[in-house]
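Chemist: coords please:
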Amino acid sequence: MREFRDPVSTEELEQFETDVLAGFVLARASAELADGTIRGDVGYLAQMRARFGRPLWDTEPAEADGYFGKVLRGSPSGTRLARAQALTTYFLFLELRHKVEIHRMTGRVVECPIDEMNRPRGSKDAALRIPPTEPEIKMLFTGWGGELATCRKFAPTARSSTTTTPSPVPRRGGHHPLPGA
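Modeler: Numbering: from 1, shown residues only. Sure, this is the predicted structure:
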């Protein structure tokens, strides 16, 4: 059976929006995202909220088209992708945790304004780093050692160092090569 709810005031809706955003931050933190990532996402959401002038759950696909297609058209693709991802993630959070409550309060069904038609193209997937093989490591250090022996300042320093440093190994006859040592 459905619960009937009286219309909510503007203040109640604003408080609910704030609480939802705080819940989003907490959920992202519990997923072990870096603070900077969370801060960036919340900043993008706040910019879009200010641009549309109302809660983001009221955003229509046509408004997202205008925002990503006109406002951010000249922005780097990484910027468009990051903002689209922040909005998509926020809507996923809304749909998973607050869709019923938003519907009861506003009569609106939560639906992400980013869809397959207006999703910015590109990928920000992390590149897979494959460690070097043993022969590659050996080649690196062999080449580096060869360059080090011929570099401009290493050779004089190495010669000076070997001629002035006392040897820890005793010489023939049991005496140290430096007088008084």
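
Chemist: what about the most centrally placed residue in the chain, distance to residue 89?
Modeler: Compute the mean C-alpha point of the chain, and by CA atoms, centre = their mean the closest residue is residue 37, 5.0 Å away. To residue 89, residue 37 is 10 Å away according to CB to CB, to the nearest Å. In short, each C-beta sits where N, CA and C put it, glycine included.

Chemist: can you list residues touching both of these two?
Modeler: The contact sets of residue 37 and residue 89 overlap at residue 28 (CB atoms under 8 Å, 6 or more residues apart in numbering).

Chemist: next one: the helix or strand hosting residue 40 to chain centre, how far?
Modeler: Here residue 40 sits within helix 35-52, counting by DSSP states H and E. Per CA atoms, centre = their mean, to the nearest Å, the displacement of helix 35-52 from the mean C-alpha position of its chain is 13 Å.

Chemist: Give the other helices and strands that it contacts.
Modeler: helix 10-30, helix 77-97 (3 or more CB pairs under 8 Å, 6 or more residues apart in numbering; DSSP states H and E).

Chemist: shaky segments in the protein?
Modeler: 1-6, 122-129, 151-181 (pLDDT under 70).

Chemist: let's go with 90 and repeat that
Modeler: For the chain, applying pLDDT under 90 flags the ranges 1-8, 69, 77-78, 115-181.

Chemist: Identify the residues contacting stretch 95-115?
Modeler: Here stretch 95-115 makes contact (CB under 8 Å, 6+ apart) with 3, 5, 8, 12-13, 16, 20, 23, 27, 57-61, 63-64, 68, 84, 87-88, 91-92, 94.

Chemist: what comes up buried for it?
Modeler: 98, 99, 102, 105, 106, 110, 112, 113, 114 (16 or more other CB atoms under 10 Å).

Chemist: Now do the helix or strand hosting the fourth one against helix 77-97, angle only.
Modeler: Think residue 105. Using DSSP H and E, residue 105 maps to helix 99-106. Compare the direction of helix 99-106 with that of helix 77-97 by axes from the mean of the first three to the mean of the last three CA atoms, to 10 degrees and you get 90 degrees.
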